[in-house]
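Visitor: how would this look folded up:
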Amino acid sequence: MQPRRITQNWSVDIDDSFNRRVDDGSLVFWKPGLTAWINCWGNGVEPGKAAAVQFIREDASLDRVDVMDEDDAGAG
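Guide: The predicted structure is shown next:
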């Protein structure tokens, strides 16, 4: 696993078996059976986490399946 750059300041550690593409402005890491859509908004301060999560949940596709919803409050 190696870090893959998302923005100038952010990267994600993801298995090398994932393919990468940009789809409708979103960074997408995917392999058969698993897809991760990544979007970056704001500067890490604005919008705040609660506002960003609310926006995501309200705008999410109704066709989505197997949603993983985790809170990283205990991380670090």
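Visitor: This structure: strands as residue ranges?
Guide: 2-5, 11-14, 19-23, 26-31, 34-38 (DSSP state E).
Visitor: Provide the angle between the direction of the longest one and the direction of strand 19-23.
Guide: In other words, strand 26-31. 150 degrees (axes from the mean of the first three to the mean of the last three Cα atoms, to 10 degrees).
Visitor: can you tell me the average pLDDT over strand 26-31?
Guide: The average pLDDT within strand 26-31 is 92.
Visitor: pLDDT below threshold where in the chain?
Guide: Residues of the chain that meet the criterion pLDDT under 70 lie in 44, 71-76.
Visitor: Once you drop chain neighbours, what's closest to G42?
Guide: In space, G42 comes closest to A52 once its chain neighbours are excluded; the distance is 7.1 Å by Cβ to Cβ, 6 or more residues apart in numbering. Glycine gets a C-beta too; all of them are placed from N, C-alpha and C.
Visitor: Just give me the neighbour total for the residue lying closest to T7 once chain neighbours are set aside.
Guide: Leaving out its chain neighbours, the residue that sits closest to T7 by Cβ to Cβ, 6+ apart is C40, at 5.3 Å. By the criterion of other Cβ atoms under 10 Å, C40 has 13 neighbours.
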